[in-house]
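Peer 1: what's the 3D shape of this:
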Amino acid sequence: INIGDGEFTLDEDGKIMVDGTVKDQLLIGINPNDVGTISAGIKGYYVMTNFEQGQLEATNNPFDLAIRGDGFFTVRTSKGDYYTRDGVFTINNANELVDLSGAKLIGLNGPITVNSENFAVNEFGEVIQNGEITDKIKMTAFSNVGDIYKVGTGYYLEQPTMTGERIEFDGEIVQGYREQSNSDAVTEMISLIEMNRNYETSQKVITTIDDMIGKCVTELGRV
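Peer 2: Residues are numbered from 1 along each chain as shown. Model prediction:
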């Protein structure tokens, strides 16, 4: 950009004024994902989880627990506490209820310990052994499930800044059941086919534009 010897000003639109005359304009507002006038596509910045209720499957295993309604179990690992809806539990060598990764199910008094063959959990999450309530499973619910993010395959943590708040769990614990996936294979397959067709269409458009640019370079060069 050559402004000469005159005094210049630059306005908010990028126009360069020299002695009151527009001399040039800055090239601004280019998206880093754009190649010329062609978009390079989209990027995924956030993974969203569908927390709709899945079907409950009976297992007849007293250590399997399912959540009916909104809410999460709290499990403890060597890296800290996490939230989960995976209620497939077993017992470790310390008679503590743990998930398949070894994370301990947490109650109001710490890890849930099984001290009797007469082990039961009622709908409120209260642990009953030999006819007495020995503990209660620690349940957590959120007014906005967008306040938690996924860690690994089935664990969740709270966002650093929450837009909602923790609320009282008003769901139900079902013993001897486990929650199945809430996804439908047929629906997901149809969505995958649609995305694949959209990708192929976009690929053809880019190929066509590339051919046009190639012709411009070669044919206009001859002229």
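
Peer 1: Might one say that residue 180 is in contact with residue 58?
Peer 2: No - between residue 180 and residue 58 there is no contact under Cβ atoms under 8 Å: 11.0 Å. The C-beta positions use only the backbone N, C-alpha and C, and glycine is treated the same way.

Peer 1: Quick one: find the helix or strand in this structure with the lowest mean pLDDT.
Peer 2: Among the helical and strand segments of the chain, the one scoring lowest on mean pLDDT, DSSP states H and E is strand 34-35, with a mean of 52.

Peer 1: Can I get the strand or helix carrying residue 75 as CSV, trimmed to CA atoms?
Peer 2: Here residue 75 sits within strand 72-77, counting by DSSP states H and E. What follows is strand 72-77, C-alpha atoms only, in CSV (Å, rounded to 0.1, in the frame of the first residue of the first chain):
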residue,chain,number,x,y,z
PHE,A,72,-25.7,-39.7,38.7
PHE,A,73,-23.8,-42.0,41.0
THR,A,74,-20.6,-40.8,42.6
VAL,A,75,-17.5,-43.1,42.2
ARG,A,76,-14.0,-42.6,43.6
THR,A,77,-10.8,-43.3,41.8
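
Peer 1: neighbouring contacts of that strand?
Peer 2: 65, 67, 81-87, 98-99, 101-106, 111, 137-141, 148, 155-156 (Cβ atoms under 8 Å, 6 or more residues apart in numbering).

Peer 1: what angle do the helix or strand just after that strand and strand 72-77 make?
Peer 2: Where DSSP H and E defines the elements, the next helix or strand beyond strand 72-77 is strand 80-84. Comparing the axes of strand 80-84 and strand 72-77 via axes from the mean of the first three to the mean of the last three Cα atoms, to 10 degrees yields an angle of 150 degrees.

Peer 1: List the buried residues of strand 80-84.
Peer 2: Residues of strand 80-84 classed as buried by neighbour count (16 or more other Cβ atoms under 10 Å): 82, 83, 84.

Peer 1: same thing with stretch 101-117?
Peer 2: Going by neighbour count (16+ other Cβ under 10 Å), the buried part of stretch 101-117 is 103, 104, 105, 106, 107, 111, 112, 113, 114.

Peer 1: what does stretch 144-159 give?
Peer 2: 147, 148, 154, 155, 156.

Peer 1: Lowest pLDDT pick from these?
Peer 2: Least confident by pLDDT among the buried residues of stretch 144-159: that is residue 154, with 87.

Peer 1: which residues sit in contact with residue 51?
Peer 2: Contacts of residue 51 (Cβ under 8 Å, 6+ apart): 70, 85, 145.

Peer 1: Equivalent analysis for residue 102, please.
Peer 2: Taking Cβ under 8 Å, 6+ apart, we find residue 102 in contact with 77, 92.

Peer 1: now do the one 3 residues further on
Peer 2: Contacts for residue 105 (Cβ under 8 Å, 6+ apart) come out as 73, 74, 75, 89, 96, 97, 98, 99, 111, 112, 137.

Peer 1: what pairs with it across the strands?
Peer 2: Residue 105 has these beta-bridge partners by DSSP bridges: residue 75.

Peer 1: Pull the most distant pair out of the buried residues of stretch 144-159.
Peer 2: 147 and 154 (17.7 Å; Cβ to Cβ).

Peer 1: Contacts for the strand or helix carrying residue 133, please.
Peer 2: Element membership for residue 133 (DSSP H and E) is strand 132-136. Applying Cβ under 8 Å, 6+ apart, the external contacts of strand 132-136 come out as 107, 108, 109, 112, 113, 115, 124, 125, 126, 127, 128.
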